[in-house]
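Dropping the sequence and predicted coords here.
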Amino acid sequence: MAYEELEVIKEKCASCEKCGLCKTRTNTVFSGGVPNDKLMLIGEAPGFYEDKQGEPFVGKAGQLLDKILGCVGLSRKEHIYICNTIKCRPPENRDPLPDEKAACREYLDKQIEILKPRIILLCGRVAVNSFIDTNQGITKLRGKWFEGPHFSKMMPIFHPSYLLRNDSREKGSPKWLMWQDIKEVKKVYDQLCK
Ligand code: URA
């Protein structure tokens with residue numbers, strides 16, 4: 001029932017003209033995965049492939065994200081709802097501008113309000129800065145739990161594009177740290193399922 005409300009917001013978003021990105025987009029990218037009340041991931045913004053397909057995280061970074069989730073038995077088909085801070089691709093994949101983020105925020109807030117996920121993963125700097133007022137970088141913040149909207153637990157995690165640029169799996173490397181974080185997320189997720 002609540003999930004039908006998401007469809008209404010999605011349709012409204014598909015014809016949104018609240019910022020200039022509506023002029024350059026092919027598709028709005030509202031969400032992927034499954035609507036659920038446990039686990040949500042918020043990324044930055046759609047890229048080239050996401051814009052073409054209308055699906056979040058379908059490029060190389062998305063494939064890596066699926067692999068990471070899969071390592072702990074989580075999949076976008078069954079367990080996680082995926083969205084972004086903004087729903088249209090910024091030209092040349094630049095960072096979203098403050099007015100674009102502000103214009104799009106109502107859609108993200110509605111997604112959170114409707115689903116009330118218990119765990120929210122903030123994927124990368126842009127998502128982190130949308131929820132946590134801090135000067136600290138993602139390297140300091142990742143893996144820590146923060147209090148999120150609607151009594152959720154929020155955790156900043158590295159963006160998979162960053163991991164694609166850092167190949168090492170040595171102890172302490174970004175990929176190794178991501179592995180620690182996703183194991184912690186799965187532990188808390190499993191507790192919610194008990
Ligand atoms: N990067 C993001 O942050 N979101 C996407 O949907 C794709 C790539």
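All right, it came through fine.

Report how many residues lie close to the closest residue to the ligand within the chain.
Using Cβ to the nearest ligand atom, the single residue of the chain nearest to the ligand is residue 43, 3.0 Å away. Where C-beta positions appear, they are placed from N, C-alpha and C, glycine not excepted. Residues lying near residue 43 (other Cβ atoms under 10 Å) number 28.

quick one: which helix or strand includes residue 121?
Following DSSP states H and E, one finds residue 121 within strand 119-123.

returning to what we had before: thought the residue of the chain closest to the ligand was touching residue 82?
Yes: counting by Cβ atoms under 8 Å, residue 43 does reach residue 82; the two are 7.1 Å apart.

and for the two, which residues touch both?
56, 57 (Cβ atoms under 8 Å, 6 or more residues apart in numbering).

OK, contacts around the residue nearest to the spatial centre of the chain?
In the chain, the centroid-proximal residue (Cα atoms, centre = their mean) is residue 42; its distance is 1.8 Å. Contacts here follow Cβ under 8 Å, 6+ apart; on that basis residue 42 touches 83, 84, 85, 108, 120, 121, 122, 123, 127, 130, 131.

do you know how far it is from residue 112?
Here residue 42 is placed at a distance of 9 Å from residue 112 (Cβ to Cβ, to the nearest Å).

Residues in contact with both of the two, list them for me.
Counting by Cβ under 8 Å, 6+ apart, the common neighbours of residue 42 and residue 112 are residue 120.

Need the contact partners of the helix ranked longest in the chain.
In the chain, with assignment by DSSP state H, the single longest helix is helix 174-193. The contact list for helix 174-193, computed with Cβ under 8 Å, 6+ apart, reads 38-39, 68-69, 71-74, 79, 118-119, 121, 142-143, 153, 155, 157-158, 162-163, 166-170.

out of those residues, which are inside helices?
68, 69, 71, 162, 163.

Can I have the buried ones of these as a PyMOL selection?
Restricted to buried positions by 16 or more other Cβ atoms under 10 Å, the PyMOL selection for the ones in helices among the contacts of helix 174-193 reads:
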select buried, resi 68+69+162+163
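
could the ones in helices among the contacts of helix 174-193 go into a markdown table alongside distance to the ligand and pLDDT?
Formatted as a markdown table, the ones in helices among the contacts of helix 174-193 follow (distance: Cβ to the nearest ligand atom, whole Å; pLDDT from 0 to 100):
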| residue | distance to the ligand | pLDDT |
| --- | --- | --- |
| 68 | 14 | 98 |
| 69 | 14 | 98 |
| 71 | 19 | 97 |
| 162 | 11 | 97 |
| 163 | 12 | 98 |
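
and the two most separated of the ones in helices among the contacts of helix 174-193?
The span of the ones in helices among the contacts of helix 174-193, defined through Cβ to Cβ, is set by 71 and 162 at 17.3 Å.

Now tell me which helix or strand of this structure has the poorest mean pLDDT.
When each helix and strand of the chain is scored by mean pLDDT, DSSP states H and E, helix 2-14 comes last, with a mean of 94.
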